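>>> okay, here's the prediction I keep looking at, along with the sequence it came from:
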Amino acid sequence: MTPKDVVLFGFGRIGRLAAREIIAQAGKGEQLRLRAIVTRNYSDADLTKRADLLRTDSVHGPFPGTIVEDFEGKALIINGHTVKMIAADSFDTVDYESYGIKNALLIDNTGVVRDRAGLSKHLLSKGISKVLLTAPGKGDIPNVVHGINHEKFDIKNENVFSAASCTTNAIVPVLKVVEEKLGITSGHIETVHSYTNDQNLLDNYHKKYRRGRSAPLNMVITETGAGSAVTKVLPQLKGKLTANSVRVPTPNVSLAIMHMYINKEVTKEQVNDILKDAALKGDLVEQIQYSYSNELVSSDVTGNPCASVFDSQATIVSEDKKSIVLYVWYDNEYGYTRQVIRFAKHLSEVIRLRYY
């Protein structure tokens, strides 16, 4: 295997978690190698602030290692790995090869543009060979949920990909299992989602309805693209699902409540057995975790590496046995980031053999 250079474009919540995870899995540098982080501006003061944000996280705790600011080299030395800090105000102006970076995978964490025309500008910069967006892609960009459809695309010839959204990654593994085993006639997905940086701390103007109201003080109904995004990954569900979201005053971990009408009569035990089997065997053991606990709450899921944590104790089956309600927890930051890294390794062809 040939190691793959990685550039993080944007250094927010997902960018910093991706940096942590790539460094944690670096080993001897034979897989993904974090070489650079791109932000809008650079100064020594900015470098110090970004290092501090990487060292400590209010949700995910301290970084398990060392971070040293290299002001002369304009870099962070993370666990001995030198990571260049590059300032850029556009996608196509950075000469990454001048930093010794070649044939790199660029992970765009900004979400500023989501279409092929915009994201392809990254490929005009010297040293970048592929782009992975950590948000739902528009148009014909492949939207990928690792474990579900990551092997359906030609990674040799396609250069722009999307890792979809945190919610899409959480619900699609469970939807795939239910569709294959029981058949879905129709359904509605309501996500109870932690607030994000897109909302305001206090009431203020916002271009979206309701999101301008104080995030720590309100539950806020807002739209989600999860329903339409699902069909890009599981086209057989097109037209069968609706979706909406409620933002709530918690900083991390979200919950998808999935109400589905199915083609077969089932009991609660049968539904749970189907999801248990998927969580313990086959292709989705990294994506689905089966929870037995009747004490599970949101904070228990913080730092969970799976995209979906299936709450078996909360499953509801109607009296006619053809309507089910499933509860799926997910760490919308870390669980999603792990999915991004899994797909990044697949794109880079550096995944090692696994035995389980």
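All right, it came through fine.
>>> quick one: contacts for residue 204?
Going by C-beta atoms under 8 Å, 6 or more residues apart in numbering, residue 204 touches residue 212. (Each C-beta comes from the backbone N, C-alpha and C, glycine too.)
>>> ok, which stretches of the stretch 101-250 of the chain are helices?
116-119, 166-181, 226-233 (DSSP state H, counting those that start in this stretch).
>>> by contact count, what packs against the second one?
Using 3 or more C-beta pairs under 8 Å, 6 or more residues apart in numbering; DSSP states H and E as the contact test, the elements touching helix 166-181 are strand 184-194, helix 226-233, strand 254-262, helix 268-280, strand 288-291, strand 308-311, strand 323-330, helix 334-348.
>>> pull out the buried residues from the strand or helix carrying residue 19.
Residue 19 belongs to helix 13-24 when assigned by DSSP states H and E. By 16 or more other C-beta atoms under 10 Å, the buried positions in helix 13-24 come out as 13, 14, 15, 16, 17, 18, 19, 20, 21, 22, 23.
>>> how far away from the center of its chain is stretch 165-178?
Distance of stretch 165-178 from the chain centroid (C-alpha atoms, centre = their mean, to the nearest Å) equals 12 Å.
>>> quick one on the thing from earlier: closest one to residue 123 among the helices and strands packed on helix 166-181?
Closest to residue 123 of those, according to C-beta to C-beta: helix 334-348, at 13.8 Å.
>>> now the angle from that closest one to helix 13-24?
For helix 334-348 against helix 13-24, the angle by axes from the mean of the first three to the mean of the last three C-alpha atoms, to 10 degrees is 60 degrees.
>>> now the nearest residue to residue 316 once chain neighbours are set aside, which residues is it bridged with?
Excluding the flanking residues, the one nearest residue 316 by C-beta to C-beta, 6 or more residues apart in numbering is residue 325, at 4.0 Å. According to DSSP bridges, the residues that bridge with residue 325 are residue 259, residue 316.
>>> what mean pLDDT does stretch 9-25 get?
Taken as a whole, stretch 9-25 has an average pLDDT of 96.
>>> circling back to that earlier point, kindly present the helices and strands packed on helix 166-181 as JSON lines, with separate columns for mean pLDDT and distance to residue 105.
Shown next, in JSON lines, are these (pLDDT from 0 to 100; distance: least, C-beta to C-beta, whole Å):
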{"stretch": "strand 184-194", "mean pLDDT": "97", "distance to residue 105": "28"}
{"stretch": "helix 226-233", "mean pLDDT": "89", "distance to residue 105": "21"}
{"stretch": "strand 254-262", "mean pLDDT": "98", "distance to residue 105": "27"}
{"stretch": "helix 268-280", "mean pLDDT": "97", "distance to residue 105": "29"}
{"stretch": "strand 288-291", "mean pLDDT": "98", "distance to residue 105": "26"}
{"stretch": "strand 308-311", "mean pLDDT": "98", "distance to residue 105": "25"}
{"stretch": "strand 323-330", "mean pLDDT": "98", "distance to residue 105": "24"}
{"stretch": "helix 334-348", "mean pLDDT": "97", "distance to residue 105": "6"}
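>>> residue 4: which of these is closest?
It is, among the helices and strands packed on helix 166-181 and with distance given as C-beta to C-beta, helix 334-348, at 3.6 Å.
>>> report the angle between that closest one and helix 166-181.
Using the same axes, to 10 degrees: helix 334-348 against helix 166-181 is 80 degrees.
>>> what is helix 334-348 packed up against?
Here helix 334-348 touches strand 4-9, helix 13-24, strand 32-39, strand 104-108, strand 128-133, helix 166-181, going by 3+ C-beta pairs under 8 Å, 6+ apart.
>>> any chance of those in a markdown table, plus distance to residue 235?
Formatted as a markdown table, the helices and strands packed on helix 334-348 follow (distance: least, C-beta to C-beta, whole Å):
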| stretch | distance to residue 235 |
| --- | --- |
| strand 4-9 | 30 |
| helix 13-24 | 26 |
| strand 32-39 | 30 |
| strand 104-108 | 25 |
| strand 128-133 | 20 |
| helix 166-181 | 11 |
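>>> right, and these - which one's nearest residue 77?
Short answer: helix 13-24, nearest of these by C-beta to C-beta, at 10.7 Å.
>>> poorly predicted segments of the protein, please.
By pLDDT under 70, the weakly predicted segments of the chain are 353-356.
>>> please redo it, this time with the cut-off set to 50
Counting by pLDDT under 50, the chain has no low-confidence residues at all.
>>> can you tell me which residues contact the residue nearest to residue 316?
By C-beta under 8 Å, 6+ apart, the contact list for residue 325 reads 257, 258, 259, 260, 315, 316, 317.
>>> repeat that for residue 67.
Each residue near residue 67 by C-beta under 8 Å, 6+ apart is listed here: 51, 54, 55, 76, 77, 78.
>>> got the residues you listed as TSV, with neighbour count and secondary structure columns?
What follows is these, written out as TSV (neighbours: other C-beta atoms under 10 Å; DSSP: H, G, I helix; E, B strand; the rest coil):
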residue	neighbour count	secondary structure
51	18	helix
54	23	helix
55	14	helix
76	21	strand
77	15	strand
78	24	strand
